[in-house]
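# any chance you can model this:
(chains A and B)
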Amino acid sequence: MSDHHHGHGDDHGHHHYDNHFTDMEARVKALEMVLTEKGLIDPAAIDAIVETYETKVGPRNGARVVAKAWSDAEFADWLRRDATAAIASLGFTGRQGEHMRAVFNTPDTHNLIVCTLCSCYPWAVLGLPPVWYKAPPYRSRAVIDPRGVLAEFGLELPVEKKIRVWDSTAELRYLVVPERPEGTEGFTEQGLADLVSRDSMIGTGLALSPEAVR
Amino acid sequence: MSTCNTTSPLVASAELPKSADGDPIFAEPWQAAAFAMTVRLHEQGVFSWTEWAEALSTELHKPGRKPDGSDYYDCWVAALSQLVAKLSITSGPELEALVRSWQRAAEATPHGKRIVLENDPLRRG
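Sure, this is the predicted structure:
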């Protein structure tokens, strides 16, 4: 069983002008294009280099948001009601002031977010997406067969666990709050944050167990 | 897929922001792309280490830098643009026109679609 959700304001009939390149983003795209056309670089080779640094990009502050939600019930509640404000309260605001919604994994439900192909991925919170995540096949298959896609990433979920797939819209981007791993009682927020992988906040993985990071 | 460890001499570029374990760190994705392109061009011998170091140094020492160094990669991209023009790979005005074109393409791309240059309204027709 899987649900496919669209957030509010999913209005495909109009231009939202929500896609925007800063001067630097456009400049890098332009350079990449010129250099590719001249045969001096191969975009695949550039992707491969960027991939080796994928964990080095952005503030990746989502892990701290999740860790705080795990240790502070009041914050978790706020995050559930108004993720944009709760995340901003930690001093993290999206570059484009994007609205965030936190979706919480529970024993019954696993959440998976799919990437749209434009510039709306909240990398400042989640970190850079892996290259495969941006590939069109992932996006379409994640909607049709989320359980199969997750199994390919080594995440076998029990059949009775419901999977919800969230597709970000122009107005709303998602953050998965994974379940807190067992054996983490008494952990500090920093200790907990170390268990929150990028993949767990996209929903293609779970939070790490304390043994895994020891 | 080719693995590229941090063996490029470009990691020794002046003032490069690095993590505690010596890897370059990037505030935004475009910075990683700019770094990767430069690494690749240098690997292919498009320019030498000295040429790169000089170009970067010129940009880093221009007046008006931000005191917190948050414009480091702006300087990096400016240095790369200068080198690319100097080596006659493209001209300055040509590059500027392409920059504006990408910006118009982004604005005209509906949410959820890949941003491609063909979406620039001034390119169509």
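# helix or strand next in line after the worst-scoring helix or strand of chain A on mean pLDDT, which one?
The weakest-scoring helix or strand in chain A, judged by mean pLDDT, DSSP states H and E, is strand A:2-6 (a mean of 50). For strand A:2-6, the following helix or strand on the C-terminal side (DSSP states H and E) is helix A:23-37.
# quick one: that following helix near chain B?
Yes: residues of helix A:23-37 contacting chain B under Cβ under 8 Å from any Cβ of the partner chain: A:23-35. In this view, the C-beta of every residue, glycine as well, is placed from N, C-alpha and C.
# domain parsing for chain A?
For chain A, automatic domain parsing gives the domain ranges A:16-52, A:59-213.
# equivalent analysis for chain B, please.
Chain B is divided into the following domains under automatic domain parsing: B:15-89, B:91-125.
# right, is the shortest one up against chain A?
Think domain B:91-125. Yes: Domain B:91-125 is in contact with chain A by Cβ under 8 Å from any Cβ, via B:94-95, B:98-103, B:106-115, B:117.
# from these, which would you call buried?
B:95, B:98-99, B:101-103, B:106-112, B:115 (16 or more other Cβ atoms under 10 Å in any protein chain shown).
# from the residues you listed, which shows the smallest pLDDT?
pLDDT across these is lowest for B:Gly112, at 69.
# shaky segments in chain A?
Residues of chain A meeting the criterion pLDDT under 70: A:1-18, A:93-97, A:115-120, A:131, A:170, A:214.
# quickly note the distance from B:Pro110 to B:Val116.
Using Cβ to Cβ, to the nearest Å, B:Pro110 is found at 12 Å from B:Val116.
# which residues does the residue with the largest distance to the centre of chain A contact?
Going by Cα atoms, centre = their mean, the residue of chain A most distant from its centre is A:Lys38, 34.5 Å out. A:Lys38 makes contacts with B:Ile89, B:Thr90, as judged by Cβ atoms under 8 Å, 6 or more residues apart in numbering or on different chains.
# if I look at it, how far off is A:Thr204?
Distance of A:Lys38 to A:Thr204, given as Cβ to Cβ: 36 Å.
# and the pLDDT for the residue most central in space within chain B?
Centroid-nearest residue in chain B: B:Ala34, 3.2 Å away (criterion: Cα atoms, centre = their mean). pLDDT recorded at B:Ala34 is 95.
# please tell me how far it sits from chain A.
5 Å (Cβ to the nearest Cβ, to the nearest Å).
# wait, what's in contact with that residue?
A:Val28, A:Leu31, B:Tyr73, B:Trp76, B:Val77, B:Leu80.
# can we see that at 7 Å?
The neighbourhood of B:Ala34, defined by Cβ atoms under 7 Å, 6 or more residues apart in numbering or on different chains, consists of A:Val28, B:Tyr73, B:Trp76, B:Val77, B:Leu80.
# among those, which ones are in helices?
Under the assignment DSSP state H, the contacts of B:Ala34 contribute A:Val28, B:Tyr73, B:Trp76, B:Val77, B:Leu80 to helices.
# any chance of TSV for those residues, columns neighbour count?
Listed next are these as TSV, based on neighbours: other Cβ atoms under 10 Å in any protein chain shown:
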residue	neighbour count
A:Val28	28
B:Tyr73	21
B:Trp76	25
B:Val77	23
B:Leu80	24
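# let's have those in TSV, adding distance to A:Ala69.
Converted to TSV, those look like this (distance: Cβ to Cβ, whole Å):
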residue	distance to A:Ala69
A:Val28	34
B:Tyr73	32
B:Trp76	36
B:Val77	37
B:Leu80	41
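# nearest to B:Ala14, of those?
Proximity of the ones in helices among the contacts of B:Ala34 to B:Ala14 (Cβ to Cβ) peaks at B:Trp76, which lies at 10.3 Å.
# leaving out chain neighbours, which residue sits closest to that closest one?
B:Ala34 (5.7 Å; Cβ to Cβ, 6 or more residues apart in numbering or on different chains).
# equivalent analysis for A:Lys29, please.
Spatial nearest neighbour of A:Lys29, excluding adjacent residues (Cβ to Cβ, 6+ apart): B:Trp102 at 4.6 Å.
# what does A:Arg180 give?
Per Cβ to Cβ, 6+ apart, closest to A:Arg180 is A:Trp70, 4.5 Å.
# how many neighbours does the one you found have?
A:Trp70: 23 surrounding residues under other Cβ atoms under 10 Å in any protein chain shown.
# do the same with B:Ser48
Neighbours of B:Ser48 using other Cβ under 10 Å come to 10.
# for chain A, what spans make up the strands?
A:2-6, A:99-104, A:109-114, A:162-167, A:172-177 (DSSP state E).
# what about the helices in chain B?
B:29-43, B:49-60, B:72-86, B:92-107.
# now swap in chain A and tell me
In chain A, the helices defined using DSSP H lie at A:23-37, A:43-52, A:62-71, A:73-81, A:83-88, A:123-126, A:136-144, A:146-152, A:189-193, A:198-202, A:210-213.
# buried ones in stretch B:24-36?
So for stretch B:24-36, counting by 16+ other Cβ under 10 Å, buried means B:Pro24, B:Ile25, B:Phe26, B:Glu28, B:Pro29, B:Trp30, B:Gln31, B:Ala32, B:Ala33, B:Ala34, B:Phe35, B:Ala36.
# correction: stretch B:54-64
In stretch B:54-64, counting by 16+ other Cβ under 10 Å, buried: B:Ala55, B:Leu56, B:Glu59, B:Leu60.
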